[in-house]
Structure formats: structure tokens, C-alpha cells
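Asker: Next comes the sequence, and after it the predicted model I'd like to discuss.
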Amino acid sequence: MQICQSIHCNRFPCQDVRHEGYYIPSIDIDPQKVMVVLISEATATDLGDNYYAPGTPSFAQTTLSAFRAAGTNVQTFEDILNRGFYLTTAVKCNKTGYGIQTATVKECSLLLEEELDLFPNVVAYLLMGDIAIQAFNAIARRKIGSRAIPPGSTYKIRGREYYYQGVRLFPSYLQVGPSYGIEKSKQRMIAEDIAAAIKLVE
């Protein structure tokens, strides 16, 4: 199944993102084999840096670094996928400034919801950064009437056990883009969260 054939945005109503940066993964994937979905913030400024882009996209490279820090022997991005991981973004266009408006995150969470519904066997969601957490909470509010992750800084809320319809949730820090690699403490916490999700699969 190609994800880009199953979900798509037709209206592009959001005003604070670059619609030219719209990106839905086009890889063929068996949805039955996906056990963990890692959700990061928004698509890369350069389309060639997105997950699944050919060559050595930066999103793939920084994620590989994070998985290696988690103690996982992965040599290629495909190794991550073969472990039952699927990687995507909460917002499907790239941002124009530092932040993303709440209305945009909520709008794009409709696409994310359709995307996540494609995978029936998921045991964990890795929510990498505030935007991913916000988008997932928007989905939870529509489906169950309340947020899945409580408010608060990531430092305070991570490390606890959260569940959404029986699936484990890991609120964490963003592992792609220029923010990854700045603080060693955040790198360590990202690695811990990825390692915990891997244990659920193994």
C-alpha cells in the first residue's frame, strides 16, 4: 500500500505553512507489519530531506543517529522500517516560521488521523515534540472527548505511562531538523523513549 494514495489534502486551507512543501510518504508498506508510529513535527523545508526521500535525507540521518543512541544496531533507514516502525509528520507542509498555529495543527490532524487509522496493529506512538503531541491530542479530543497527553512541558510529562485506546504513548522531543543535537540531555531522553518503544515490539 502506498500511503500517498490513501490520504491527501485537497483544500490546503492553512495560511502559515508552505503548500509547496506538502509531502505524504509514497513508499509501499504493509500496514499489518507496522507496530510503532513515530510522529515528528512538520515536513522538511527541502523536500529532499524528508523521510523516505532518495539519497541521504537529513530526517533519515538524524533519526538513524537517535536509534543508534538507543542501542539499536541500525545501519540504514530501511533497518528502522524493518523493525516495524513507520515515520511521519504531524503537519504535511513545511512551516514558514518557528512555530505553527494551533488551527493549522488541528486541521492537519485530520490527515494524520486518517494515516494512523491505516495501521491496525500499532502498539506505540512516539510523539516527537510539541506539535506532534498537540496533533495527537486533537485526534483524541475528536475520538474520545479528551486529550491523550496532559498539558505541561515535555520534561515534566515524559517518562510516565500514557495510553490511548490500549496503545502506549511516548511524549518526547523532536529528533529531526536543527533542534536535534543541540542539547545532549534531550538526545539522551529521545534515545530512552525510542528504546522503550522498541522493547514493546521485541
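Answerer: That came in fine, so what should we check first?
Asker: what's near enough to touch Ala132?
Answerer: Contacts for Ala132 (Cβ atoms under 8 Å, 6 or more residues apart in numbering) come out as Ile39, Ser40, Glu41, Ala90, Leu174. C-beta here means a position set from N, CA and C on the backbone, and glycine is covered the same way.
Asker: so how far is Met1 from the closest residue to the last one other than its chain neighbours?
Answerer: Across the structure, with Cβ to Cβ, 6 or more residues apart in numbering as the measure, the residue nearest Leu174 apart from its sequence neighbours is Gly129 (3.4 Å). Remark: distance between Gly129 and Met1 (Cβ to Cβ, to the nearest Å) = 27 Å.
Asker: Next, the residue lying closest to Ile157 once chain neighbours are set aside: secondary structure please.
Answerer: Here the nearest residue to Ile157 in space, its sequence neighbours aside, is Pro171; by Cβ to Cβ, 6+ apart that works out to 5.4 Å. Using DSSP: H, G, I helix; E, B strand; the rest coil, the structure places Pro171 in strand.
Asker: Could you double-check that Gly129 lies in contact with Ser40?
Answerer: Yes. Counting by Cβ atoms under 8 Å, Gly129 touches Ser40, with 6.4 Å between them.
Asker: Which one's more surrounded, the two?
Answerer: When Gly129 is set against Ser40 and neighbours are counted by other Cβ atoms under 10 Å, the residue ahead is Ser40, at 27 against 24.
Asker: Now do the same contact list for Met20.
Answerer: For residue 20 the amino acid is Glu, not Met. For Glu20, the set of contacting residues under the criterion of Cβ under 8 Å, 6+ apart consists of Cys93.
Asker: whoops, I mixed them up, Asn94
Answerer: Applying Cβ under 8 Å, 6+ apart, the residues contacting Asn94 are Val17, Arg18, Gly21, Tyr23, Ala42, Thr43, Ala44, Thr45.
Asker: Right, I'll call it a day here.
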